[in-house]
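Participant: Pasted the sequence and its predicted model underneath.
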Amino acid sequence: MQQVQQQPKTGRPATPRRRCEGTAMGAITLDLRPGLGMGPFTLGMPLHEAFAQVEHQPNIYDVVHVKYLDEEPLKLDIVISFPDHGFHLRFDPWSQRLRLIEVYDIKRLQMRYATSLIGGPSTLATFVAVYTLFGPTFPGTYDKDRGTYILFYPGLSFAFPIPSQYTYCYQNTEVSAELPLELPDGTTPVTCRVCIYDSSSDSKVGVGALLDKAIVPPLPTGSLYMEEVHAKLGEEVWFTVGGQHIPFGASPQDVWTELGRPCGIHQKQVDQMVIHSASDPRPKTTLCGDYFYNYFSRGFDILFDGQTHRIKKFVLHTNCPGHSDFNSYMKCNFVIYDADVEGTVQPGSITNNCITPNTKWEQVKDILGDGGRAAIQTQGSMNNPFGSTFVYGYQNVAFEIMKNGYIATVTLYRS
């Protein structure tokens, strides 16, 4: 599991830290919304939007850890952790949307439900306090391996550690009419963990394996997030939700009409790959007049020729953790197939010969053949602590591959 201390990318220098990690600070108060979210974090929100919320309040969220499985980033959750406040956000690794909010240190975080407070250093989240605030509910479940009793409400669960001598009070609550609020010695258990999750599936989410039952809420109808972007090599890019077809050779006006205003426009100062092209007539020292339209919120760039003002390249980003561009783009859910494929691949009907963001390099080679020697792309350890990537070129497409074998970017062009 890779863990990095993350500062959201904003295009400007990061604000210097005002204190050392681990230094005590007062507990913050966040609104608790069962089944919906907590504070500024809403279930289903994309990873990029969560980082934007962090950036909006740097004085509160000034120590942020990002955790992911470096070797297999699509296998486990991407986690944004706030160690000073005792909670973290779990994002589905494929869609990069928030599926679960987990409060693991109740004394560090105070939550507000309606007009009442619970948690933090001054308001213990006891079994009695939870039951009084949230009201009657069905008996929970007892996790024998962890010695923990889990109480469920719609979209919300509380876990309570039970002393071994009193486990008999909670082991049979599934069939018991009683819900023991106090232990036989007169004390009441104190919450050790709170989970906020989508309640639409009626799943019970708690500790251990029960965490995996938290699902990402469905996207709103017509949402462009994780829209399948189909690329037919050497021909066009097709956006499946809006139905736009953008071919190579289209003009900036065509793109504005179909996709709207880009998030950014920037000049490409030097074409670093022209030196490798024997057919390119430009002098090798010529400054490049080409320019990009950046669609950060949709995960791709479009490169226009500076002389003809026609599309010459598309760059698709996977937003894979461990890449230098992580959190600069939303994830592009591309589907790439060869121009020899008859007709158009329909949304959701991905074949074995299609390449998607979860296709690993060995699978790409099985589909397209050996890519030959790789060009090394590096920014130096000072600018990119994650190391080099490798660029493999084919006719009409080039892949930037990370050391773990996953695709970082795909560049589409027409030979």
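Facilitator: Arrived safely, thanks for sending.
Participant: Low-confidence bits of the protein, can you list those?
Facilitator: By pLDDT under 70, the weakly predicted segments of the chain are 1-26, 170-180, 209, 269-288, 339-350, 379-385.
Participant: Report the central residue of it.
Facilitator: Q96 (2.8 Å; C-alpha atoms, centre = their mean).
Participant: who are the neighbours in contact with the residue nearest to it when sequence neighbours are not counted?
Facilitator: Distances taken as C-beta to C-beta, 6 or more residues apart in numbering place L47 nearest to Q96, at 4.3 Å, with adjacent residues excluded. Where you see a C-beta, it was placed from the backbone N, CA and C, and this is true even at glycine. Residues in contact with L47, defined by C-beta atoms under 8 Å, 6 or more residues apart in numbering, are I78, I80, F91, Q96, R97, L98, N319, N327.
Participant: List the ones among the residues you listed that fall in strands.
Facilitator: The strands, defined by DSSP state E, take in I78, I80, F91, L98 from these.
Participant: Out of the residues you listed, which is nearest to N358?
Facilitator: Distance to N358 across the ones in strands among the contacts of L47 (C-beta to C-beta) is lowest for I78, with 14.1 Å.
Participant: What residues does that closest one make contact with?
Facilitator: The contact partners of I78, taken as C-beta under 8 Å, 6+ apart, are L47, V66, K67, Y68, R90, F91, P93, Q96, P321.
Participant: partner residues bridging the residue lying closest to the last one once chain neighbours are set aside?
Facilitator: The spatially closest residue to P321, leaving aside those adjacent along the chain, is Y68, at 4.3 Å (C-beta to C-beta, 6+ apart). With beta bridges defined as DSSP bridges, Y68 has these partners: Q2.
Participant: Y68 - how many residues pack around it?
Facilitator: By the other C-beta atoms under 10 Å criterion, the neighbourhood of Y68 contains 23 residues.
Participant: That one and G322 touch, don't they?
Facilitator: Yes: under the contact definition of C-beta atoms under 8 Å, Y68 touches G322, with a separation of 7.2 Å.
Participant: Now do the strands in the stretch 101-250 of the chain.
Facilitator: With strands called from DSSP state E, counting those that start in this stretch, the stretch 101-250 of the chain shows them at 109-113, 116-119, 141-143, 148-153, 156-161, 193-197, 228-232, 236-239, 245-247.
Participant: how about whatever helix or strand comes next after the last one: buried residues?
Facilitator: I take that to be strand 245-247. Next in sequence after strand 245-247, counting helices and strands by DSSP states H and E, comes helix 252-259. When neighbours are counted by 16 or more other C-beta atoms under 10 Å, the buried residues of helix 252-259 are found to be P252, V255, L259.
Participant: which one of those is nearest P220?
Facilitator: Distance ranking of these against P220, using C-beta to C-beta, places L259 first at 19.5 Å.
Participant: residues touching the closest one, list them.
Facilitator: Under the criterion of C-beta under 8 Å, 6+ apart, the neighbours of L259 are F239, Q244, I246, Y295, R298.
Participant: Select from those residues the one having the most neighbours.
Facilitator: Neighbour counts for those peak at R298, which has 23 neighbours (criterion: other C-beta under 10 Å).
Participant: So which residues of the stretch 51-200 of the chain form helices?
Facilitator: When secondary structure is read from DSSP state H, counting those that start in this stretch, the stretch 51-200 of the chain shows helices at 127-134.
Participant: was I right about F399 contacting V410?
Facilitator: Yes: proximity of F399 to V410 meets the contact threshold set by C-beta under 8 Å, at 5.8 Å.
Participant: quick one on the thing from earlier: name the member of the contacts of L47 that has the highest neighbour count.
Facilitator: Highest neighbour count within the contacts of L47: L98, with 29 neighbours (other C-beta under 10 Å).
Participant: isn't that one right next to V79, touching?
Facilitator: No: using C-beta under 8 Å, L98 is not in contact with V79; the gap is 10.7 Å.
Participant: Who does D31 form a beta bridge with?
Facilitator: On the basis of DSSP bridges, D31 is bridged to R112.
Participant: Provide a list of residues in contact with it.
Facilitator: Contact analysis of D31 by C-beta under 8 Å, 6+ apart lists M38, G39, M111, R112, Y113.
Participant: quick one: buried residues of stretch 114-134?
Facilitator: Going through stretch 114-134 with 16+ other C-beta under 10 Å, the ones that come out buried are L117, I118, G119, G120, T123, A125, T126, F127, A129, V130, Y131, F134.
Participant: partners of the second one in the sheet?
Facilitator: Pointing back at I118 there. For I118, the residues forming beta bridges with it (DSSP bridges) are M111.
Participant: Now do the domain split for this protein, please.
Facilitator: Using automatic domain parsing, the domains assigned to the chain come out as 1-14+26-103, 124-212, 228-413.
Participant: Next, format those as TSV and append distance to L219.
Facilitator: Formatted as TSV, those follow (distance: least, C-beta to C-beta, whole Å):
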stretch	distance to L219
domain 1-14+26-103	7
domain 124-212	12
domain 228-413	10
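Participant: so which of the strands of the stretch 101-250 of the chain comes closest to A375?
Facilitator: strand 228-232 (21.3 Å).
Participant: out of the contacts of I78, which one sits closest to E102?
Facilitator: Distances from E102 to those, taken by C-beta to C-beta, are shortest for R90, at 6.3 Å.
Participant: for the strands of the stretch 101-250 of the chain, which one ends up most surrounded?
Facilitator: Using mean count of other C-beta atoms under 10 Å, the stretch among those with the greatest mean number of neighbours is strand 193-197 (a mean of 26).
Participant: how big is the angle separating the helix or strand that contains Y293 from helix 252-259?
Facilitator: Secondary structure from DSSP H and E places Y293 in strand 291-295. Between strand 291-295 and helix 252-259, the angle formed by their directions is 10 degrees, by axes from the mean of the first three to the mean of the last three C-alpha atoms, to 10 degrees.
Participant: follow-up on the earlier one: list just the nearest of the buried residues of helix 252-259 to S157.
Facilitator: Relative to S157, the closest of these is L259; by C-beta to C-beta it sits at 41.9 Å.
Participant: Now do that closest one against Y337, distance only.
Facilitator: 21 Å (C-beta to C-beta, to the nearest Å).
Participant: Check T141 too.
Facilitator: From T141 across to Y337, the span is 47 Å (C-beta to C-beta).
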